[in-house]
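Q: Prediction below, plus the sequence it came from.
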Amino acid sequence: MYARFMTACHFKQNDIMFEGFVGDVASFCQREVEQVDVECDHPQIIAITSYLGLGVEINSVSPKGTIDLVNLPEEGYDGFRAKFLFVPGHYDALYS
């Protein structure tokens, strides 16, 4: 819950940056971020990594069977990146 509330806080403090993606930020946070039974999506990952100053590497499986790689933040980050596998509707942590 703490991570959800940190994410919602970052959304609300930077609502101008996110409203183009999620619409009304306050209702998005109430509906998609603060609810326990809702899985996170790309905007939530951007918000929490930005808030904490962390990097992530998202590996997503394309319909063609190839793996596409997305790094967040895209540039200017040289630290450790947590690795996630995205399959439609779900993120899994990858361990190495």
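A: That came in fine, so what should we check first?
Q: can you pull out the helices in this protein?
A: Using DSSP state H, the helices of the chain run over residues 2-13, 15-22, 25-28, 42-52.
Q: Show me what counts as buried in the longest one.
A: I take that to be helix 2-13. 4, 7-8, 10-11 (16 or more other C-beta atoms under 10 Å). For the C-beta atoms, the positions are set from N, CA and C on the backbone; glycine is no exception.
Q: Below-threshold pLDDT in this structure: ranges please.
A: For the chain, the stretches with pLDDT under 70 are 96.
Q: Let me see the domain layout of it.
A: Following automatic domain parsing, one gets these domains for the chain: 1-53, 55-96.
Q: ends of the longest one, how far apart?
A: Terminal residues of domain 1-53 are spaced 19 Å apart (C-alpha to C-alpha, to the nearest Å).
Q: try stretch 44-62
A: From the first residue to the last, stretch 44-62 extends over 21 Å; the measure is C-alpha to C-alpha.
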